[in-house]
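**Student:** A structural model of the following input is requested.
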Amino acid sequence: MKKGVRIVVILVVVLVVLAVGGYFGYTRLSGQEGEKPALSFLSFGSRAGGSPSGGKPGNPEEKFSVPVAVAAAKRESVRETLNLYGSVFAEAEVSILTTVNGKISEIKVEEGDFVRKDQVLAVIDRDQAGLKFAPAEVKSTIAGVVKSVLIQKGATANPGVPLFQIVDMDVVEVVIDVPEKRIGQVRVGQAVEISVVSYPDRLFYGTIDRLSPVLDPVSRSLETRVRVVNRGYQLKPGMFAEASIILRRRDDAITVPLAALVDKEGRQVVYVIQQEVAREVKPEIAFVQGESAVVDSGIAEGDLVVVIGQQSLSGGDAVTVAEVKE
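**Tutor:** Next comes the predicted model:
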């Protein structure tokens with residue numbers, strides 16, 4: 001081996017020995033209690049117990065804030081209604097008969113005509129072979145509208161066979177069936193609002209006129225008749241109608257959106273926001289109408305109640321109001 005090569009090999013061996021000795025010395029020093037290495041490439045860019053970016057460690061006791069949408073409790077006029085469906089009937093409808101035999105010699109009215117009581121509707125010729133009789137007049141027994149003409153001129157009229165049908169359209173009845181569990185809430189004289197598909201933008205007003213004394217044994221419902229003054233004869237017998245019975249009114253009631261109510265342990269609760277904290281309230285609900293609940297106690301006008309996010313809340317939770325709904 002040449003002299004120069006030998007010197008290089010010796011230097012490499014020496015450097016390796018020094019490096020190994022330094023490594024073991026470093027690890028021994030770093031393992032001594034109470035001492036830490038001055039510098040380590042393993043810990044470069046971070047602090048013990050800190051984040052890799054050198055930031056402050058997270059606070060494990062920091063509370064999570066739940067984002068919610070709220071609405072304010074309102075003071076307004078409200079009413080409770082019972083909505084049912086029924087049909088329109090004429091208050092009075094009669095069949096006009098004759099007591100004599102003969103041929104119809106004249107018909108004086110058509111379907112749809114308005115007639116007075118005792119107005120002549122038709123004339124019957126009672127003449128027989130070899131005999132002459134005075135003509136017999138067929139008169140209406142009520143004032144109303146001719147619903148049907150059941151005869152033709154020249155036809156034979158016989159006693160007991162209907163010739164005309166007359167309906168009184170000045171007043172109509174809307175007949176509805178009240179479920180057994182609700183009959184304690186209805187009574188004669190209660191106001192009722194009537195709507196029909198023929199006039200979607202109009203309401204007709206009536207009152208409960210009669211209640212059946214017995215329940216229908218099949219449907220377990222009570223037949224109820226609502227009397228409606230029929231100006232202009234716009235309500236016609238046979239129409240399908242919706243009746244809203246006004247059960248009670250309140251002119252100064254506190255209401256909250258129905259969405260604010262949460263079922264919890266057999267009761268309905270509402271979460272009211274106070275200083276960014278949800279407070280659980282168990283209000284007394286008087287009744288529900290449409291999309292609002294009428295509150296007797298527990299909530300005041302202007303209270304912010306949670307309407308979105310309430311299902312995940314508990315009393316005392318921190319919240320962030322993300323939206324205030326009208």
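**Student:** Report the contact partners of Val138.
**Tutor:** Listed by CB atoms under 8 Å, 6 or more residues apart in numbering, the contact partners of Val138 are Ile96, Thr98, Val120, Leu121, Ala122, Val123, Ile124, Ala157, Leu163, Phe164. In this view, the C-beta of every residue, glycine as well, is placed from N, C-alpha and C.
**Student:** quick one: average confidence on stretch 118-133?
**Tutor:** Averaging pLDDT along stretch 118-133 yields 92.
**Student:** Could I get the buried residue list for that stretch?
**Tutor:** Applying a neighbour-count criterion of 16 or more other CB atoms under 10 Å, one finds Leu121, Ala122, Val123, Ile124, Asp125, Arg126 buried in stretch 118-133.
**Student:** For the closest residue to the second one other than its chain neighbours, identify the helix or strand it belongs to.
**Tutor:** Spatially, and ignoring its direct neighbours in sequence, Ala122 is nearest to Val138 (4.3 Å; CB to CB, 6 or more residues apart in numbering). In this structure, Val138 sits in strand 136-139 according to DSSP states H and E.
**Student:** Each with direction, which strands does that strand pair with?
**Tutor:** Next to strand 136-139 in the sheet, as set by DSSP bridges, lie strand 120-125 (antiparallel).
**Student:** Not counting the partner strand itself, show me its contacts.
**Tutor:** The set of residues external to strand 120-125 that reach it, using CB under 8 Å, 6+ apart, is 96, 98, 100, 102-109, 115, 135-140, 146, 151, 157, 163-164.
**Student:** again, but for stretch 268-288
**Tutor:** In this structure, residues lying in contact with stretch 268-288 by CB under 8 Å, 6+ apart are 65-66, 68, 70, 80, 248, 250, 253, 256, 258, 260-262, 267, 293-299, 303-306, 310, 313-321.
**Student:** still on that earlier bit, looking at the buried residues of stretch 118-133, spot the one nearest Glu173.
**Tutor:** For those, the minimum distance to Glu173 (CB to CB) is 24.8 Å, reached by Leu121.
**Student:** Now for the spatially most central residue of the chain: which residues touch it?
**Tutor:** The C-alpha lying nearest the average C-alpha coordinate of the chain belongs to Gly290 (CA atoms, centre = their mean; 4.6 Å). Taking CB under 8 Å, 6+ apart as the criterion, Gly290 is in contact with Leu258.
**Student:** what bits of the chain have low per-residue confidence?
**Tutor:** Counting by pLDDT under 70, the chain contains low-confidence ranges at 1-63.
**Student:** Could you list the domains of it?
**Tutor:** Under the assignment named as automatic domain parsing, the residue ranges that make up the domains of the chain are 3-43, 67-78+252-325, 81-88+170-250, 98-162.
**Student:** ok, and the closest non-adjacent residue to Ala134?
**Tutor:** Leaving aside its sequence neighbours, Ala134 sits nearest to Arg126 (CB to CB, 6+ apart; 7.4 Å).
**Student:** just Pro179 next, same as before
**Tutor:** Ranked by CB to CB, 6+ apart and with sequence neighbours excluded, the top spatial neighbour of Pro179 is Ser221, at 5.5 Å.
**Student:** Same question for Ser219.
**Tutor:** Asp177 (6.2 Å).
**Student:** neighbours of that neighbour, just the number please.
**Tutor:** Other residues lying near Asp177 total 17 when counted by other CB atoms under 10 Å.
**Student:** What of Arg202?
**Tutor:** Here the count is done by other CB under 10 Å, and Arg202 has 10 residues near it.
**Student:** so where does the residue lying closest to it once chain neighbours are set aside fall, helix or strand?
**Tutor:** With sequence-adjacent residues excluded and distances taken as CB to CB, 6+ apart, Arg202 is closest to Ser195, at 7.5 Å. Applying DSSP H and E as the criterion places Ser195 in strand 191-196.
**Student:** can you list contacts of the next helix-or-strand element following that strand?
**Tutor:** Heading C-terminal from strand 191-196, the first helix or strand you meet, by DSSP H and E, is strand 204-211. Identification of contacts with strand 204-211 by CB under 8 Å, 6+ apart yields 173-174, 183, 186-196, 222-230, 234-235, 245.
**Student:** just so I have it, where are all the strands in the stretch 51-200 of the chain?
**Tutor:** Taking DSSP state E, counting those that start in this stretch as the test, the strands found in the stretch 51-200 of the chain are 66-72, 74-96, 102-107, 114-115, 120-125, 136-139, 144-149, 156-157, 164-179, 191-196.
**Student:** helices or strands next to the last one in the packing?
**Tutor:** Pointing back at strand 191-196 there. Using 3 or more CB pairs under 8 Å, 6 or more residues apart in numbering; DSSP states H and E as the contact test, the elements touching strand 191-196 are strand 204-211, strand 221-229, strand 240-257.
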